[in-house]
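S.K.: What shape does this take:
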Amino acid sequence: MQTHLAPEFQGTPEGEEAQAILRSCVHCGFCTATCPTYQLLGDELDGPRGRIYLMKQVLEGEPVTRSTQLHLDRCLTCRNCESTCPSGVQYGRLVDIGRQIVEERVERPRGERVVRTLLKEGLTSPLFAPAMKLGQAVRPLLPAALRNKVPARDQTGRAHQWPTRQHERKVLMLTGCVQPAMMPNINSATARVLDVAGIQTVVADEAGCCGAIRAHLNDAEGGLADMRRNIDAWWPVVVRGGVEAIVMNASGCGVTVKDYGHHLRHDEAYAEKARRISELTRDLSELLPDLVPRLKPHLPARPAGGREAAPRMRVAFHPPCTLQHGQQLRGGVEAGLRELGFEVELATGESHLCCGSAGTYSVLQPEIAYQLRDRKLSQLLPRQPEAIVSANIGCIQHLQTGTETPVKHWIEVLDEALA
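M.R.: Numbers count the residues shown, from 1 in each chain. Just a heads-up that it's a prediction; the model follows:
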C-alpha cells in the first residue's frame, strides 16, 4: 500500500511505525473473513481492511470525522486479523496509533466522555474493591445491565486461601486491578496450584493495572504511567534474581505486559527495564508443560469407565483473543487439561472468534458485544459441558451473563480437582 504521510507525522516515531505497517498491507481481504464486526455488520469500514484505509487517510492529512471515530471504536482489537493476514500486518499497533490521533481531533459527545473517564479511573481505583463488595451485597436489586457487570460473591470459602509454604522456585504474579475484587479465587487458585507443583507465588503490592484499560481508552500517557509503576514495583525482585518468571493469569494483562518493551522503547529511563520485564513475562498456560508431570501424582485416581479411566470433568474451552491472537498461544491449555484427565471441547468451527468482552468494549458497545456473546455460547453449550473455562477475567464474566452453566478460569477447575 502506497502512503504519503502528512508533514506533521513525517519523522515521528508513530508516523514511521504506522507507515511501515500500512505499506505491508496488500489489500487481500483475507482479514474480513475472520473479523467479528464485519461478520455481524457486513460493512467494509467495520472490517480491518476498511479501517486500515480510514487510518491511512488520517495519516495522510485527510479530514477526520466522527464517522471515522465510530468505525474505529467498533473494532474489538481482537487481532484475529493478524492471525489470518499472510503479510504479517501488525494491525493492533496501527489501530492504537490511529485511535490516538482521531481522539485528539474529534471531540466526543459529553456522555461518552463521562463514561470513558469513569471506566479508566474507576476500574483502576482503590475504591473499586469496596464498590464491588457493595454491588455484590445488593446484586439482586440491581438492574440487569448493571447486574451483568457484578459477579456473584464466591461461596466456596477458598477465594482468599493463600498457600504459606516456602519454595526455592519462585514466580512473580500480577494480581491485576479488577480481578482481586471481582474474582479473587483466580489468583488464589493460581497460587495453590503452583504451590502443589513446588513453586512459590510472590506478589508486589505496589503493582496494579497493567496499563491496558487506560491505553485502550486512548489515554496513552496514563497507560504508560501504569506500566512504569509496575516496572518499578517488580524491578527490585527481578534484579535480585529471585524469580524465574512474571506470571499472568489474565491473558489480557499478559499480552500488554509482553509488549512493555515496545511501548517504552523510546523512554531512556525505562526502555531496557521494560524489555527485560517483557522477556520474563509468561502466560500461566506457558507453565503447563512443566506443571503437568508435577501435578499428576497429586490428583486423585479416576474411576475406570470401560477400558479407560473416566474423565475428571467435561469442560468447554473458550480461548481468549488476547491468548490465541495477541500472544499467539494456541492449544496449550487444551493439551494440558487433557493430559491431566479432563475432557475438553471447543466451539466447533468458531473457536477463533471473539466472545465480545474485549476489555471495556462490552460496556461501550453492548449491542455488538452481546450478539457475539450469544453466538459464542451457541457454539459452546451444545457440547453439554459441566463448566465453560477460559483464561481471561473479562471473557469469563461476559460469558457468564448469558448462561447458567458455570464459567470459570481453567486454573480454578484444576485447583478444584487437586483439592
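S.K.: what pLDDT does the closest residue to residue 83 other than its chain neighbours get?
M.R.: If the residues on either side of it in the chain are set aside, residue 83 comes closest to residue 325, at 4.9 Å by CB to CB, 6 or more residues apart in numbering. Just so you know, the C-beta spots here come from the backbone N, C-alpha and C atoms, and that holds for glycine as well. For residue 325, the pLDDT comes out at 97.
S.K.: How about the one 3 residues further on?
M.R.: For residue 328, the model assigns a pLDDT of 96.
S.K.: Name the secondary structure element that contains it.
M.R.: Under the criterion DSSP states H and E, no helix or strand holds residue 328.
S.K.: Do I have it right that the residue nearest to residue 83 meets residue 78?
M.R.: Yes: Residue 325 lies in contact with residue 78 (CB atoms under 8 Å); the separation is 6.1 Å.
S.K.: which of the two has more neighbours?
M.R.: residue 78 (29 against 25; other CB atoms under 10 Å).
S.K.: and the residue nearest to residue 83, what does it touch?
M.R.: 78-80, 82-83, 352 (CB atoms under 8 Å, 6 or more residues apart in numbering).
S.K.: Repeat the analysis, applying 6 Å as the threshold.
M.R.: For residue 325, the contacting residues are 79-80, 82-83, by CB atoms under 6 Å, 6 or more residues apart in numbering.
S.K.: do the same with residue 253
M.R.: Residue 253 touches 174, 176, 210, counting by CB under 6 Å, 6+ apart.
S.K.: a helix runs through the last one, doesn't it?
M.R.: Read that as residue 210. No: secondary structure of residue 210 (DSSP: H, G, I helix; E, B strand; the rest coil): coil, not part of a helix.
S.K.: Give the burial count for it, as a bare number.
M.R.: 27.
S.K.: Now the residue lying closest to it once chain neighbours are set aside: which helix or strand?
M.R.: For residue 210, ignoring the flanking residues on the chain, the nearest one in space by CB to CB, 6+ apart is residue 253 at 4.2 Å. Residue 253 is part of helix 251-257, with elements assigned from DSSP H and E.
S.K.: right, and the helix or strand after that helix?
M.R.: That would be, after helix 251-257 and using DSSP H and E, helix 260-263.
S.K.: Buried residues of the next helix or strand along the chain from that next one, list them for me.
M.R.: Using DSSP H and E, the helix or strand that follows helix 260-263 in sequence is helix 271-280. By neighbour count with 16 or more other CB atoms under 10 Å, helix 271-280 contains the buried residues 271, 273-274, 276-278, 280.
S.K.: Out of the residues you listed, which two are the most distant from each other?
M.R.: Farthest-apart pair in the buried residues of helix 271-280 is 271 and 280; separation 15.4 Å (CB to CB).
S.K.: In the stretch 101-250 of the chain, mark out all the strands, start to finish.
M.R.: 169-173, 199-202, 246-248 (DSSP state E, counting those that start in this stretch).
S.K.: which of those strands sits most buried?
M.R.: Stretch with highest mean neighbour count among the strands of the stretch 101-250 of the chain: strand 246-248 (a mean of 26; mean count of other CB atoms under 10 Å).
S.K.: who does that one pair up with?
M.R.: Partner strands for strand 246-248, per DSSP bridges, with pairing direction: strand 169-173 (parallel), strand 281-283 (parallel).
S.K.: returning to what we had before: please confirm that the residue nearest to residue 83 is located within a helix.
M.R.: Yes: assessed with three-state DSSP, residue 325 lies in a helix.
S.K.: mind checking how far it is from residue 227?
M.R.: In this structure, residue 325 and residue 227 are 21 Å apart, going by CB to CB, to the nearest Å.
S.K.: Residue 155 and residue 72: what is the separation?
M.R.: 41 Å.
S.K.: ditto for residue 406
M.R.: 35 Å.
S.K.: Neighbour count for those two, which is higher?
M.R.: residue 72 (23 against 15).
S.K.: Which helix or which strand is home to that one?
M.R.: Applying DSSP H and E, one finds residue 72 within helix 66-73.
S.K.: Show me where the stretch 301-419 of the chain has its helices.
M.R.: 321, 332-339, 361-364, 366-380, 393-400, 410-418 (DSSP state H, counting those that start in this stretch).
S.K.: Nearest spatial neighbour of residue 19, chain-adjacent residues omitted?
M.R.: residue 3 is the one closest to residue 19 (CB to CB, 6+ apart), at 5.2 Å.
S.K.: And for that neighbour, the neighbour number?
M.R.: There are 16 residues near residue 3, going by other CB under 10 Å.
S.K.: Now it: phi and psi?
M.R.: phi -130, psi 150 (degrees, to the nearest 10).
S.K.: wait, it sits on residue 22?
M.R.: Yes: contact criterion CB atoms under 6 Å: residue 3 and residue 22 qualify, at 4.9 Å.
S.K.: what pLDDT does the closest residue to residue 228 other than its chain neighbours get?
M.R.: Spatially, and ignoring its direct neighbours in sequence, residue 228 is nearest to residue 270 (5.7 Å; CB to CB, 6+ apart). pLDDT, residue 270: 97.
S.K.: Residue 270 contacts residue 263, correct?
M.R.: No: using CB under 6 Å, residue 270 makes no contact with residue 263, being 9.3 Å away.
S.K.: So for the residue sitting nearest the centre point of the chain, what's the nearest residue that isn't a sequence neighbour?
M.R.: Centroid check for the chain by CA atoms, centre = their mean gives residue 252 as the closest residue, at 1.9 Å. Leaving aside its sequence neighbours, residue 252 sits nearest to residue 322 (CB to CB, 6+ apart; 4.6 Å).
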